[in-house]
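Participant: only geometry, no sequence info:
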């Protein structure tokens, strides 16, 4: 059993590295490393975005939450998908047309302020680490569940593979590797599920434990309405502010392709997210003892053996392990590229050439995350991911929405809004992580801060901008032309280039 | 640049000249009041479309928690043995999201094509 699982994990890691090595021969310039030189078609790009996006929380966490808490948890996958609809209608095409590599590039381009750029860089690192730590932890928990190895083994293994891949090939290798990982993750969930559903039908469709009203009915517990809408707001609006998602939009050919890619991502995620719910439901029937043990996150990995017995179950468990590891590797790689890209451009770029800075930054990002993971091993995996969404929704979401659609946004407003939204949401996140959060209404607000912090950030950004209207960006008119007009028109779109391109030319 | 020739002649005969300089594109490039009007109208059209989609999203998917909260009957309802809230959130929400995205994509591309034709066709 554990041999098969270890072999599966090794196979995924080796496949990821092999695709990375192929990319090595193709990657040459800084532009290659950051965004694959924009030579990626919409189909491949959509697979890569989906592969990068489906993390430990999606692959393992959703099924565990559904098993544990039932109907209310269905909002997590819906929200993580709906985030792309909001991204599509407000951000996708204008962001691509801005020609910004990263969110700090966008901030500097739009409000023409280095301070706004630095604040955005700090937030990218913050959100990236909030999101990376649970990936490394998830890898540790998975390897422990399967082999009994201590948790640091899995974290170190993921760190090494990500590092080797990012340092050797950069973004292009990751684009192909992540497209591959979406399909691997889909098949890894689909195939065992098909066998288990057949067995479930064969056993006369048992529905043990499925009629518990507290589990099957939505809106359970105190403050259910607040918690539901706060979760919806965080996930719907947080997706557009995730650094590893946004950096992907540069790899589209133009704004139109960016929109089409987003639609394809939406369809791919919808197909995927139907599956974890069914794992949670089957887990309720066949593995309800995991709830008492507090090991609900392991339900996806444990279920095949419980339902199908040892022979077929072992093979399918190995497949699921491969899928889970693909989830950790792809999300971690994407985050390391975006966090490393920001560190490389803004912190190391002055002293090193582009490619060296990117490699060094990747090493720094992985090492820092690994240290943090080992220091904070008691954290809840799913909750940290969800809190990263709340921080993104409270900072980059207002920057993008107001920056693209409102001429009145000023540098002072953007900085003030990001600082206020970032500080309040981060306080809530740290409070939850450290423990000792209050109970009652205050506890609900701290556990799901988005419904308070997102409007606060929007209000701050708007009011401070209104107070500083005498200091609108100088090139505002050209900026709006670049963001909103189709590329086919020959228009003067200003001379701004993101720093990476400027250094290269 | 030739100050002697009266510019009035070219402006009053828009259909006859081949290379007319006073096009919408050059108005936008010059950031004139006319160019700004065209830019604002494009942005307003696209923003109105996006807000329409947000309203549709809020009414279709976003209203579900409130409906569940207000209606115990809906919370407990079943269709073919499956709880209705699970069907609505876990299954039906996804086609709605894809449908809204499809609706937006077609409208947004049509708006942009209209803007493109207006600006490019004016040369």
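Facilitator: Great, that's in hand. None of the values given here were measured: they were computed from a predicted structure.
Participant: Tell me which helix or strand comes right after the helix ranked longest in chain A.
Facilitator: In chain A, ranked by residue count with DSSP state H as the criterion, the top helix is helix A:151-202. Toward the C-terminus, helix A:151-202 is succeeded by helix A:213-216 as the next helix or strand (DSSP states H and E).
Participant: Could you list the residues in contact with that following helix?
Facilitator: A:69-71, A:209-210, A:220, A:284, B:76, B:83, B:86 (Cβ atoms under 8 Å, 6 or more residues apart in numbering or on different chains). C-beta: built from backbone N, CA, C; applies to glycine.
Participant: Now that helix: average pLDDT?
Facilitator: In this model, helix A:213-216 carries a mean pLDDT of 82.
Participant: Please point out which parts of that helix sit buried.
Facilitator: Going by neighbour count (16 or more other Cβ atoms under 10 Å in any protein chain shown), the buried part of helix A:213-216 is A:215-216.
Participant: With stretch A:290-301 instead?
Facilitator: Under 16+ other Cβ under 10 Å, the buried positions of stretch A:290-301 are A:290-291, A:295-301.
Participant: Equivalent analysis for stretch A:143-152, please.
Facilitator: A:143-147, A:151-152.
Participant: Likewise for stretch A:242-260?
Facilitator: In stretch A:242-260, counting by 16+ other Cβ under 10 Å, buried: A:242-253, A:255-260.
Participant: can you tell me which helix in chain B is longest?
Facilitator: Chain B, longest helix under DSSP H: helix B:93-120.
Participant: So is that helix next to chain A?
Facilitator: Yes: Helix B:93-120 comes into contact with chain A (Cβ under 8 Å from any Cβ of the partner chain), by way of B:93-95, B:97-98, B:100-102, B:104-105, B:108-109, B:112, B:115-116, B:119-120.
Participant: May I see the buried residues of the helix or strand hosting residue A:274?
Facilitator: Applying DSSP H and E as the criterion places residue A:274 in helix A:255-286. Residues of helix A:255-286 classed as buried: A:255-270, A:272-273, A:275-286 (neighbour count, 16+ other Cβ under 10 Å).
Participant: same check, this time on stretch A:299-318
Facilitator: Result for stretch A:299-318 [16+ other Cβ under 10 Å]: buried residues A:299-308, A:312-318.
Participant: Show me those residues that map onto helices.
Facilitator: Those of the buried residues of stretch A:299-318 lying in helices (DSSP H): A:299-308, A:312-318.
Participant: residue contacts, the residue nearest in space to the middle of chain A?
Facilitator: Centroid check for chain A by Cα atoms, centre = their mean gives residue A:53 as the closest residue, at 4.8 Å. Residues near residue A:53 by Cβ under 8 Å, 6+ apart: A:80, A:245, A:265, A:269, A:331.
Participant: Could you do residue A:235 as well?
Facilitator: A:75-76, A:78-80, A:82-83, A:386, A:389.
Participant: Look up how far chain B lies from the nearest residue to residue A:112 once chain neighbours are set aside.
Facilitator: Once flanking residues are discounted, residue A:112 sits nearest to residue A:473: 4.3 Å by Cβ to Cβ, 6 or more residues apart in numbering or on different chains. Residue A:473 is 13 Å from chain B, where distance means Cβ to the nearest Cβ, to the nearest Å.
Participant: Checking residue A:473 next. Helix, strand or coil?
Facilitator: The three-state assignment at residue A:473 reads coil, by DSSP: H, G, I helix; E, B strand; the rest coil.
Participant: For residue A:374, give me its contacts.
Facilitator: A:152, A:155.
Participant: Okay, angle between the strand or helix carrying it and helix A:151-202 too, please.
Facilitator: Assigned by DSSP H and E, residue A:374 belongs to helix A:354-375. Angle of helix A:354-375 versus helix A:151-202, following axes from the mean of the first three to the mean of the last three Cα atoms, to 10 degrees, is 80 degrees.
Participant: before we move on, back to that, please flag which of the contacts of helix A:213-216 sit within helices.
Facilitator: A:69, A:284, B:76, B:86.
Participant: Kindly write the PyMOL command that selects the buried subset of these.
Facilitator: Of the ones in helices among the contacts of helix A:213-216, the buried ones go into a single PyMOL selection, burial set by 16+ other Cβ under 10 Å:
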select buried, (chain A and resi 69+284) or (chain B and resi 86)
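Participant: Make TSV from the ones in helices among the contacts of helix A:213-216 and add distance to residue A:408 to it.
Facilitator: Formatted as TSV, those follow (distance: Cβ to Cβ, whole Å):
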residue	distance to residue A:408
A:69	42
A:284	51
B:76	48
B:86	44
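Participant: Flag the shaky bits of the chain, pLDDT-wise.
Facilitator: In the absence of a named chain, chain A is used. Within chain A, the stretches with pLDDT under 70 are A:1-2, A:20-40, A:169-174, A:349-351, A:354, A:376-383, A:498-505.
Participant: that answer is for a different chain, and I need it for chain B
Facilitator: If you take pLDDT under 70 as the line, chain B has these spans: B:1-22, B:122-123.
Participant: so which helix or strand takes in the spatially most central residue of chain B?
Facilitator: Nearest to the geometric centre of chain B sits residue B:46, at 2.8 Å (Cα atoms, centre = their mean). Taking DSSP H and E as the definition, residue B:46 sits inside helix B:33-57.
Participant: need the next SSE after that helix, C-terminal direction.
Facilitator: Helix B:33-57 is succeeded, C-terminally, by helix B:64-70 (DSSP H and E).
Participant: same for that following helix, what does it pack against?
Facilitator: Counting contacts by 3 or more Cβ pairs under 8 Å, 6 or more residues apart in numbering or on different chains; DSSP states H and E, helix B:64-70 packs against helix A:224-238, helix B:72-76.
Participant: Okay, buried residues for the longest one please.
Facilitator: Of the residues in helix A:224-238, those buried under the neighbour-count criterion (16+ other Cβ under 10 Å) are A:224, A:226-238.
Participant: could I get these as CSV with distance to residue A:368?
Facilitator: Shown next, in CSV, are the buried residues of helix A:224-238 (distance: Cβ to Cβ, whole Å):
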residue, distance to residue A:368
A:224, 37
A:226, 34
A:227, 32
A:228, 35
A:229, 34
A:230, 29
A:231, 29
A:232, 32
A:233, 30
A:234, 25
A:235, 26
A:236, 30
A:237, 27
A:238, 22
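Participant: what's the closest of those to chain B?
Facilitator: residue A:228 (4.0 Å; Cβ to the nearest Cβ).
Participant: mind listing what the spatially closest residue to the closest one that is not a sequence neighbour touches?
Facilitator: Ranked by Cβ to Cβ, 6+ apart and with sequence neighbours excluded, the top spatial neighbour of residue A:228 is residue B:65, at 4.0 Å. Under the criterion of Cβ under 8 Å, 6+ apart, the contact list for residue B:65 reads A:75, A:218-219, A:224-225, A:228-229, A:232.
Participant: try it again with 7 Å
Facilitator: Each residue near residue B:65 by Cβ atoms under 7 Å, 6 or more residues apart in numbering or on different chains is listed here: A:219, A:225, A:228-229.
Participant: Can you tell me which of these is nearest residue A:397?
Facilitator: residue A:229 (15.6 Å; Cβ to Cβ).
Participant: one step back: residue A:111: which of the buried residues of helix A:224-238 is nearest?
Facilitator: The closest of these, once distances to residue A:111 are taken by Cβ to Cβ, is residue A:237, at 19.9 Å.
Participant: Surely that closest one touches residue A:454?
Facilitator: Yes: Residue A:237 is within contact range of residue A:454, at 6.2 Å (criterion: Cβ atoms under 7 Å).
Participant: what sits in contact with each of these two?
Facilitator: By Cβ under 7 Å, 6+ apart, the residues touching both residue A:237 and residue A:454 are A:393, A:397.
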